[in-house]
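Engineer: model the following, please.
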Amino acid sequence: MGDKVRAERERQTAQRSKAQRKKGKKRRQRYDAVMRLTAVMVSLLVLALVVIVVSPKRNHTVIINHANQPREVEIAAPPLEEDDSDQILRINTTYVTDSTVFEDEPTAEPAEPIEAAQPEPTALPEATAIPQSVPDTLELTAPATFEYLPVYKRADVYEPKIAITVDDCFQVENLQTICTTAYKNGGKLTIFPIGENLSKSGMADTLKTCVFKLGYEVENHTWSHERIFRLPEYEMAKQIWDQSQALNLALGVNYQQHFFRLMGGDGSSDQRTHNYLKQLGFKGIAEWSLSGSDAEFDEICAHLQPGAIYLFHTTDRDTEMLKRFIPYVAAQGYQMVTMNELLGFEDNAISEYSAQAMPVPQPYEEDYRTHKVGDYAWNIVRMQDKLRSMGLLVMDGASTGYYGKQTAAAIQAYQEQQGLPATGEADSETQRRLLQVET
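Structural biologist: Numbers count the residues shown, from 1 in each chain. Sure, this is the predicted structure:
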């Protein structure tokens, strides 16, 4: 009996030991599996870190103020009220002062002096060191093709925004009325005064208010409204330079202009003008998609579309038209912005005032681009002079620089004489031969 009990106990003990061994084996297997998985994950993590550190970094370019994506600008201005629609922005000109006063200021706060509102001068960039020697491996390339500035008739935008531009500025009080109308309707203007008009009574204070208080923009429209494409190069450059310097004096700061408007829009293909404007830091030539000075009110309203550039003047007729058109634009949900804002450029830079000497126009390589009927350019003046001296062109007075039908016929006759294709268009070869340019 005792042997049976003992044997049963030994059997049970053996079974328990066997069960414990099986459990231990399973625990070891699970542990080994976890360790193997952990090792794999650690290896993958280390590999990922190595790839991140060693692999080349990608450069990401962020485009800001692209021409097709102009900056959004919100302008807070009180609405135009029925009982004060004829009020204008009047400037106190009874004594010499740097302060501007809104007699009909819509806010209760007094106007701050212009000096306090002027932005800080823009710091000039540091000069870049010029290498003293040329590396042996430097590859010399041919001069790049001359690049003309853009000629803007409209902006390629989809947002409901337009630019209203005001030219000449002979009538200061009308300019004040137009500016006040835009201000009360939450709009901004781009003003293109003739240089000679900048000395008119009240003009300097008006433009200071427009630039420093209202955020308007003032650009270049020649000194004396000359057709500069038919002026000799120095006189052409002086028409641009003198206007910019007169504006600096009126504002009391150096003001970097971005846009130039030709008298009548004529001469946008003149290479000398583009060359000098580029030298002075201009961004483009400003034309227009519709002249409000030559259209009726219904036509002006029907033309309203994103990116439109309107041209007006300060005549009595245009002033009355703008007093109607500006509220209409605002009521249609359109923004009235400056040329810079419409085209995606930064505001015109402002720095401390200093008198500057006129830069001499830099040399450039003429490209003799083809001229045809409808063009205006200095080379057309030169060709007309030569054709007249040869008896191929009859013209009263001085050569006009306008490529009309008579000039085209004279060019065609010259091309026939020279054995060139008689197209009547002055291509590069025709110009070189006619002007006796050495190749």
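
Engineer: going forward, measure contacts between C-alpha atoms and count neighbours the same way
Structural biologist: Will do.

Engineer: and the residue nearest the centre of this protein?
Structural biologist: Nearest to the mean C-alpha position of the chain, by CA atoms, centre = their mean, lies Phe345 at 3.9 Å.

Engineer: measure it to Phe259 for me?
Structural biologist: Separation of Phe345 from Phe259 (CA to CA, to the nearest Å): 11 Å.

Engineer: got it, and Ile285?
Structural biologist: From Ile285 to Phe259 the distance is 6 Å (CA to CA).

Engineer: please apply the same query to Tyr158.
Structural biologist: Taking CA to CA as the measure, Tyr158 falls 22 Å from Phe259.

Engineer: of these two, which one has the most company?
Structural biologist: Comparing Tyr158 with Phe259 by other CA atoms under 10 Å, the one with more neighbours is Phe259, at 25 against 12.

Engineer: what's opposite the more buried one in the beta bridge?
Structural biologist: Counting by DSSP bridges, Phe259 forms beta bridges with Gly284.

Engineer: for the closest residue to Gly281 other than its chain neighbours, give me its contacts.
Structural biologist: Counting by CA to CA, 6 or more residues apart in numbering, Gly281 lies nearest to His258, which is 7.0 Å off, once chain neighbours are set aside. Counting by CA atoms under 8 Å, 6 or more residues apart in numbering, His258 makes contact with Glu219, Gly281, Phe282, Lys283, Gly284, Asn340, Asn348.

Engineer: if we go to 10 Å?
Structural biologist: 217-220, 277-278, 280-286, 339-340, 345-349 (CA atoms under 10 Å, 6 or more residues apart in numbering).

Engineer: before we move on, back to that, list residues touching both of Phe345 and Phe259?
Structural biologist: With CA under 10 Å, 6+ apart as the test, Phe345 and Phe259 both reach Lys283, Met339.

Engineer: for Leu311, see how far away Leu342 is.
Structural biologist: Distance, Leu342 to Leu311, by CA to CA: 15 Å.

Engineer: higher neighbour count, those two?
Structural biologist: Neighbour totals were compared for Leu342 and Leu311, and Leu342 leads with 29 against 22 (other CA under 10 Å).

Engineer: make sure the more buried one is indeed in a strand.
Structural biologist: No: assessed with DSSP: H, G, I helix; E, B strand; the rest coil, Leu342 is helix; it does not lie in a strand.

Engineer: from Ile191, how far off is Met339?
Structural biologist: Between Met339 and Ile191 the distance is 10 Å, computed by CA to CA.

Engineer: Asn185 too?
Structural biologist: 17 Å.

Engineer: the two: who's more crowded?
Structural biologist: The residue with more neighbours, out of Asn185 and Ile191, is Ile191; 28 against 23, by other CA under 10 Å.

Engineer: quick check: what element follows the helix or strand where that one lies along the chain?
Structural biologist: In this assignment (DSSP states H and E), Ile191 forms part of strand 190-193. Once strand 190-193 ends, the next helix or strand along the chain (criterion: DSSP H and E) is helix 203-208.

Engineer: tell me the helix or strand right after that next one.
Structural biologist: strand 217-218.

Engineer: and that next one, what does it pack onto?
Structural biologist: Judged by 3 or more CA pairs under 10 Å, 6 or more residues apart in numbering; DSSP states H and E, the packing partners of strand 217-218 are strand 161-168, strand 190-193, helix 203-208, helix 339-343.

Engineer: can I get those in TSV including mean pLDDT and distance to Arg388?
Structural biologist: Shown next, in TSV, are the helices and strands packed on strand 217-218 (pLDDT from 0 to 100; distance: least, CA to CA, whole Å):
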stretch	mean pLDDT	distance to Arg388
strand 161-168	98	35
strand 190-193	98	36
helix 203-208	97	45
helix 339-343	98	42
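
Engineer: which one of the ones you listed lies closest to Gln29?
Structural biologist: Closest to Gln29 of the helices and strands packed on strand 217-218, according to CA to CA: helix 339-343, at 71.3 Å.

Engineer: by contact count, what packs against the closest one?
Structural biologist: On a contact count with 3+ CA pairs under 10 Å, 6+ apart, helix 339-343 meets strand 161-168, strand 190-193, strand 217-218.

Engineer: helix or strand next in line after the last one, which one?
Structural biologist: Proceeding C-terminally, strand 217-218 gives way to helix 233-251 as the next helix or strand, assigned by DSSP H and E.

Engineer: mind giving me the packing neighbours of that next one?
Structural biologist: With contacts taken as 3+ CA pairs under 10 Å, 6+ apart, helix 233-251 sits against helix 203-208, strand 253-255, helix 271-279, strand 350-352.
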